[in-house]
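Novice: After the sequence you'll find the predicted model.
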Amino acid sequence: MNAAQRIQFSYQYNKGDTWASGAIELDDRRFEFLCSCLFNNPLEVLLYSIYQLIPNLAPVPRKEIHFTLYDEPLEYSWYFKMLDNETVGILIYSNGQNSVFEGRCNLIHLVKTFVQSLPDQVVLTMDEKVRSIYEELRHFIKRLSSHV
């Protein structure tokens, strides 16, 4: 499987809601999700997981990370794994068993897509911790752009 050429990400959340929704798409593979905000902040978990994969950004970069987003009665286990210095593999399982999404893409392209696709309404509702991660990722993208 080659790295995806087209990456799309969407995320919707309204302040005070107990649910968020979103989708990730790599070329022709798409996964839509609904997740509870009762147990954790799904956006924080997603952004922090990506942040931890980036060398020279995370204090201790990880080669592999997984997390769970909850959708009653389902749970979705997400796995990010660096396949080489530039490519990240993404696997998502439903209830830890059934693979519902698989793909690979360029890590930098993934970071840009996640950060640039967040609607203003979501950015405005971020708490301090999520905003801090988001801003670090945004500055990382700006630094990359200035070196091109």
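Specialist: Alright, I've got the coordinates. Numbers count the residues shown, from 1 in each chain.

Novice: so Gln138 touches Val115, yeah?
Specialist: Rather than Gln, residue 138 is Arg. Yes - between Arg138 and Val115 there is a contact under CB atoms under 8 Å: 5.5 Å. (C-beta placed from N, C-alpha, C; glycine too.)

Novice: Neighbour count for those two, which is higher?
Specialist: Set Arg138 next to Val115 and count neighbours by other CB atoms under 10 Å: Val115 wins out with 21 against 16.

Novice: helix/strand/coil for that one?
Specialist: At Val115 the chain is in helix, as set by DSSP: H, G, I helix; E, B strand; the rest coil.

Novice: For Met116, which non-adjacent residue is spatially closest?
Specialist: In this structure residue 116 is Gln, not Met. Ile141 (7.8 Å; CB to CB, 6 or more residues apart in numbering).

Novice: Send me the host helix or strand of that neighbour as CSV with only the CA atoms.
Specialist: Per DSSP states H and E, Ile141 falls inside helix 128-146. What follows is helix 128-146 as a C-alpha-only set of coordinates in CSV (Å, rounded to 0.1, in the frame of the first residue of the first chain):
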residue,chain,number,x,y,z
GLU,A,128,-5.9,25.9,27.2
LYS,A,129,-4.2,22.5,26.9
VAL,A,130,-5.7,21.7,23.4
ARG,A,131,-5.0,25.3,22.2
SER,A,132,-1.3,24.9,23.3
ILE,A,133,-0.9,21.6,21.3
TYR,A,134,-2.7,23.2,18.3
GLU,A,135,-0.5,26.3,18.4
GLU,A,136,2.7,24.2,18.6
LEU,A,137,1.6,22.2,15.5
ARG,A,138,0.7,25.4,13.7
HIS,A,139,4.1,26.9,14.4
PHE,A,140,5.8,23.7,13.3
ILE,A,141,4.0,24.0,10.0
LYS,A,142,5.0,27.7,9.6
ARG,A,143,8.6,26.8,10.3
LEU,A,144,8.5,24.1,7.6
SER,A,145,6.9,26.5,5.1
SER,A,146,9.6,29.1,5.7
